[in-house]
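When you get a sec, could you give me coordinates for this:
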Amino acid sequence: MRILKQILGILATGYILFFYSELMFWARIRPDDSLQGWVGTWLLYSLMAYIFLIILARFQVFTIWALLLAGAVFGWLTEGLIVQTAYESLPLSISFTGLAWHALISVWVGWYAVRRALHSGLRSILLWGAGIGLAYGFWAIAWWLEPDGGMATPFDFAKYAFSSSLLLIPAYWIHDRTVPGVFKPNQVVEIVIAILLLVYFMLVTIPAAPISAVILPVLLAGIYLTLRQNQGTETRGSLLDSAVGVKDPWHYLALLILPLTASVFYWVAFSLGFRWHTNWLIYLVSMPAGFILLVISLVKVWRRKPSLGGCVESADME
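Residues are numbered from 1 along each chain as shown. Sure thing, here's the model as predicted:
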């Protein structure tokens, strides 16, 4: 039963990360999209989700600063190992999208903040859902001006946003019942995954982007050493250690405010004929934010000292 729960939890976490990292990023059905392709990408994100959860558990990730570092590993493995976009516009591409989107949006917002909002009550999730929805719609209209974009009708966008968000609801519900207090790393599986990733890195990533042979190991080594420091100073366990219940299970349905708000914004922009390069605005804000928050996280973790006498050192969770 525990193994089944872990598999379901990993798949649910994978969908959460897949939604914010891929479905929300592309914000439309592309010509080469297919159900088989989406399922394959979801399973790939589930593998990344498993690695992400292992990091949380192994390195006692409890604060948002350590969580950002775990998100950085997820982002750089996705964009710097599986695909090689992290090397296309150096050094800025180190942040966008590995840090600026995957770590900040997918992990900090999608995996962490939304779940905290769900556990806090209806008002909190409505506010977070509406805010994310506005950002989603604001980002989505940028594709109208991109050569490989296209202008989906408001109805088509609404179908896309609502259908993908409907799957997000059970993903959060399953996650909250199968990951916190249940997930346990497996050393044998970890070794197998590490070998597979190393082989992929040697045979695929390096030939495609030779500079990755230097950049990715340096980035991951720096995060590893910092997370080891976190492991040695954190006395409260990890964010996965205890299950947190949602006050009312029906509150998960409040997440529909996300696609609703996004669809309304998209429809208004479409009707008024807005033609804005909103992606550049988001890039100009999030790209430096990724670097700045990474530095803050590194400093926060390295400046922490081990607690003495079993006392818990206060940490900034907000």
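
Buried residues, the host helix or strand of residue 57. List them.
Using DSSP states H and E, residue 57 sits within helix 35-58. When burial is assessed from 16 or more other CB atoms under 10 Å, helix 35-58 yields the following buried residues: 41-42, 45-58. No exception for glycine: its C-beta is placed from N, CA and C like everyone else's.

Chain neighbours aside, what residue packs nearest to residue 283?
Take residue 283 and drop its neighbours on the chain: the residue closest to it by CB to CB, 6 or more residues apart in numbering is residue 96, 6.1 Å away.

I figured the one you found hits residue 285, correct?
No. The criterion here is CB atoms under 8 Å, and residue 96 misses it with residue 285 at 10.5 Å.

These two: which is more packed in?
Counting neighbours by other CB atoms under 10 Å for residue 96 and for residue 285 shows that residue 96 has the greater number, 25 against 11.

check contacts around the more buried one.
Residues near residue 96 by CB atoms under 8 Å, 6 or more residues apart in numbering: 283, 286, 287, 290.

Ranking by neighbours, what's the top pick from those?
Busiest of the contacts of residue 96 [other CB under 10 Å] is residue 290, holding 26 neighbours.

That residue: helix or strand, and which one exactly?
Assigned by DSSP H and E, residue 290 belongs to helix 278-303.

So which of the buried residues of helix 35-58 is the closest to residue 157?
Of all those, residue 41 has the smallest distance to residue 157: 19.9 Å, by CB to CB.

Next, the contact list for the closest one, please.
Contacts of residue 41 (CB under 8 Å, 6+ apart): 18, 22.

which regions of the stretch 201-318 of the chain sit below the pLDDT cut-off?
For the stretch 201-318 of the chain, the stretches with pLDDT under 70 are 243-245, 307-318.

could you redo the last one with a cut-off of 90?
In the predicted model, the stretch 201-318 of the chain carries pLDDT under 90 at residues 242-250, 304-318.

how about the helices in the stretch 101-250 of the chain?
Using DSSP state H, counting those that start in this stretch, the helices found in the stretch 101-250 of the chain span residues 114-120, 122-140, 154-178, 187-200, 206-208, 212-233.

any chance of these in CSV, plus distance to residue 305 and mean neighbour count?
Formatted as CSV, these follow (distance: least, CB to CB, whole Å; neighbours: other CB atoms under 10 Å):
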stretch, distance to residue 305, mean neighbour count
helix 114-120, 27, 19
helix 122-140, 33, 19
helix 154-178, 33, 18
helix 187-200, 29, 11
helix 206-208, 39, 13
helix 212-233, 6, 16
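
To residue 79, which of those lies closest?
Taking CB to CB, helix 212-233 is the member of these nearest to residue 79, at 10.0 Å.

orientation of the closest one relative to helix 35-58 in degrees?
Here helix 212-233 runs at an angle of 40 degrees relative to helix 35-58 (axes from the mean of the first three to the mean of the last three CA atoms, to 10 degrees).

Fine, thanks again, bye for now.
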